[in-house]
Structure formats: C-alpha cells, structure tokens
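A.B. asks: kindly generate the corresponding structure for this input.
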Amino acid sequence: MTDRDGWLERFAVPDRPLPAVYWLSVACTIVGTVGILWSLPVPTEFLDISPLFNWGSAFLMVAAVYYFIISLSLAIGLLPFLVGLAAFELWLADASNASSNISVALLALGIGGLWLGHRGRGGIAAVIGDVQYIMLAPAWVLSLLYRWLGIPI
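C.D. replies: You can find the predicted model right below:
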C-alpha cells in the first residue's frame with residue numbers, strides 16, 4: 001500500500017454514522033474554510049500579482065499541487081471541483097458583504113455535523129482528525145468513482 005492509498009483509505013472507515021449528514025458536513029467545512037481564508041485581508045504584494053490572489057485562492061492552489069502529488073489522474077479530475085469552489089467563493093464575495101459571516105456559519109455547521117456524526121465514536125478527537133484531512137475527502141470520493149469506472153488512480 002502506498003502513502004496515497006493510506007491517505008485515501010483514511011475516509012474508507014465503514015462505520016460512519018449517517019453518511020448523508022457526514023458528507024454534507026464535510027462539504028460545509030470545506031466551503032466554510034475556503035470562504036474564511038478568502039475573506040482574510042491580503043498583503044499588497046498579493047494584489048500586485050492578481051486581484052484574485054488571496055489566502056483562499058492560495059489554499060486552493062496548494063490543494064491542487066497536493067492532488068498532483070497524490071495522483072495525476074485524481075488531480076485532473078479534481079480541477080473542476082477546485083475551479084467551481086473558487087467560482088462560488090468569488091460569487092459569494094461579490095454577492096454579499098456578509099460573505100465572511102456566511103463562511104463562519106458554514107464552518108460551524110460543518111464542524112457541528114462532524115461532531116454529531118462522531119458522537120460516541122471518537123468525539124472531538126475524530127472531528128479534529130477529519131478537519132486535518134478535509135481536503136482529502138473530494139479526492140476519496142473521486143477515487144471511488146474512478147475505481148467504479150475502472151480508471152487507474
């Protein structure tokens with residue numbers, strides 16, 4: 001088993017309670033985390049590079065590099081996810097002055113859902129572990145689809 005397989009197997013724990021709640025919580029946590037990073041003030045050097053360069057977009061770029069390290073095919077498959085997430089964050093930032101409040105609420109909702117899902121099965125330690133590996137969740141879901149379609153990872 002390679003390190004990549006170990007990382008992806010992190011999400012293959014069979015006793016996940018309420019899978020729909022869990023995955024909705026993971027999605028809220030991802031969107032909330034990126035949104036909070038997106039709304040943080042940026043140094044002027046970032047703006048000199050691009051008006052779209054901020055802590056959230058930097059985080060998504062690092063995630064893309066991370067996906068390429070894990071697997072070329074997963075990285076290519078996850079690019080639409082990353083672009084879609086960035087487009088959503090751009091829309092949210094333009095549509096609302098309260099984008100950081102919405103992001104904080106999504107993150108709180110996501111972490112609360114993760115805690116609810118892990119209650120009695122590792123509690124807060126399991127939630128912290130999930131948050132540490134939060135950007136692996138989309139790769140794991142895509143790896144399941146790839147395996148089902150017979151696409152090598």
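A.B. asks: as a whole number, average confidence for stretch 118-136?
C.D. replies: Stretch 118-136 comes out with an average pLDDT of 74.
A.B. asks: stretch 21-28 now?
C.D. replies: Summarised as a single mean, pLDDT over stretch 21-28 is 84.
A.B. asks: then it to CSV, C-alphas only?
C.D. replies: The C-alpha coordinates for stretch 21-28 follow below in CSV (Å, rounded to 0.1, in the frame of the first residue of the first chain):
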residue,chain,number,x,y,z
VAL,A,21,-25.0,14.1,7.3
TYR,A,22,-21.3,13.4,7.4
TRP,A,23,-20.7,14.3,3.7
LEU,A,24,-22.9,17.4,4.0
SER,A,25,-20.9,18.4,7.0
VAL,A,26,-17.6,17.8,5.1
ALA,A,27,-18.9,20.0,2.2
CYS,A,28,-19.9,22.8,4.6
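A.B. asks: what lies in contact with it?
C.D. replies: 16, 106-107, 109-114, 116-117, 130, 134, 137 (Cβ atoms under 8 Å, 6 or more residues apart in numbering). For every residue, glycine as well, the C-beta is placed using N, CA and C.
A.B. asks: now those residues: which count as buried?
C.D. replies: Restricting the contacts of stretch 21-28 to buried positions leaves Leu106, Leu107, Leu109, Gly110, Ile111, Gly113, Leu114, Gly117, Asp130, Ile134, Ala137, with burial counted as 16 or more other Cβ atoms under 10 Å.
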